[in-house]
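A.B. asks: Structure of the sequence below:
(2 chains)
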Amino acid sequence: EPEVTQTPSHQVTQMGQEVILRCVPISNHLYFYWYRQILGQKVEFLVSFYNNEISEKSEIFDDQFSVERPDGSNFTLKIRSTKLEDSAMYFCASSEARYQRGPQHFGDGTRLSIL
Amino acid sequence: GDSVTQMEGPVTLSEEAFLTINCTYTATGYPSLFWYVQYPGEGLQLLLKATKADDKGSNKGFEATYRKETTSFHLEKGSVQVSDSAVYFCALTVRPAGGTSYGKLTFGQGTILTVHP
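C.D. replies: Predicted structure coming up:
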């Protein structure tokens, strides 16, 4: 069964540094998402991406965050200048269609630790 | 805004016990409801879904019924196994009346289930 893959599984970065989290969505999917889960808290929506542009973003997704689909297969999340509070598990997801027609498939996540 | 509330955890059961994990929601539009499961070290996997009132989602012995009148989507299983030990997340996505949304999921806080032999 096709799956969403994320790399790396664990990223340790110094505060203030840039970090790029990578995701390869399922190949025929059209909608892409990033979520994060701070330890002990809910999974929170960050951003959705469709047709090579952001379609929706949350309040968390400020100017320090950006997303890109550079080559038609990868989907990346960049944090420009990391803060301690960015430490979390970041999940990428993709779906074939919106809403109930296409459930979201998740990767195993990248654990981001900011020192 | 939209929100999902799950019962407090963790839940600890013996094998073959009956499981209920409560989930209630508030939504501004027409929600579709989901249960996701996360096994240790893995990502979120869709367990079941229901897209309209009175629908029952089912998979791997788990069931949940979309109850619009009580805004609930409780997860049940008649006889749990050790292999069901995981974190369970209730979630919704809303199709707003007249608005746009690109399918973002709103999650509950997750319920840790541990099943002992």
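A.B. asks: and the residue lying closest to B:Leu92 once chain neighbours are set aside, what element?
C.D. replies: Spatial nearest neighbour of B:Leu92, excluding adjacent residues (Cβ to Cβ, 6 or more residues apart in numbering or on different chains): B:Pro31 at 4.3 Å. Heads up, the C-betas are built off the backbone N, CA and C, glycines and all. Using DSSP states H and E, B:Pro31 sits in strand B:30-38.
A.B. asks: what angle sits between the very next helix or strand once past that strand and strand B:30-38?
C.D. replies: Proceeding N to C from strand B:30-38, the next assigned helix or strand is strand B:44-50, under DSSP H and E. Using axes from the mean of the first three to the mean of the last three Cα atoms, to 10 degrees, one finds that strand B:44-50 and strand B:30-38 are set 140 degrees apart in direction.
A.B. asks: after strand B:44-50 comes which helix or strand?
C.D. replies: Using DSSP H and E, the helix or strand that directly follows strand B:44-50 along the chain is strand B:56-59.
A.B. asks: Can you list the strands that the strand holding B:Pro31 pairs with?
C.D. replies: strand B:44-50 (antiparallel), strand B:86-95 (antiparallel) (DSSP bridges).
A.B. asks: residues touching the residue nearest to B:Asn22 when sequence neighbours are not counted, list them.
C.D. replies: Nearest non-adjacent residue to B:Asn22, counting by Cβ to Cβ, 6+ apart: B:Met7, 4.0 Å away. Contacts for B:Met7 (Cβ atoms under 8 Å, 6 or more residues apart in numbering or on different chains) come out as B:21-23, B:111.
A.B. asks: Nearest to chain A among the residues you listed?
C.D. replies: Chain A lies nearest to B:Thr111 out of those, by Cβ to the nearest Cβ, at 11.8 Å.
A.B. asks: shouldn't the closest one be in contact with B:Gly9?
C.D. replies: Yes: the pair B:Thr111 / B:Gly9 is scored as a contact, 4.0 Å apart, by Cβ atoms under 8 Å.
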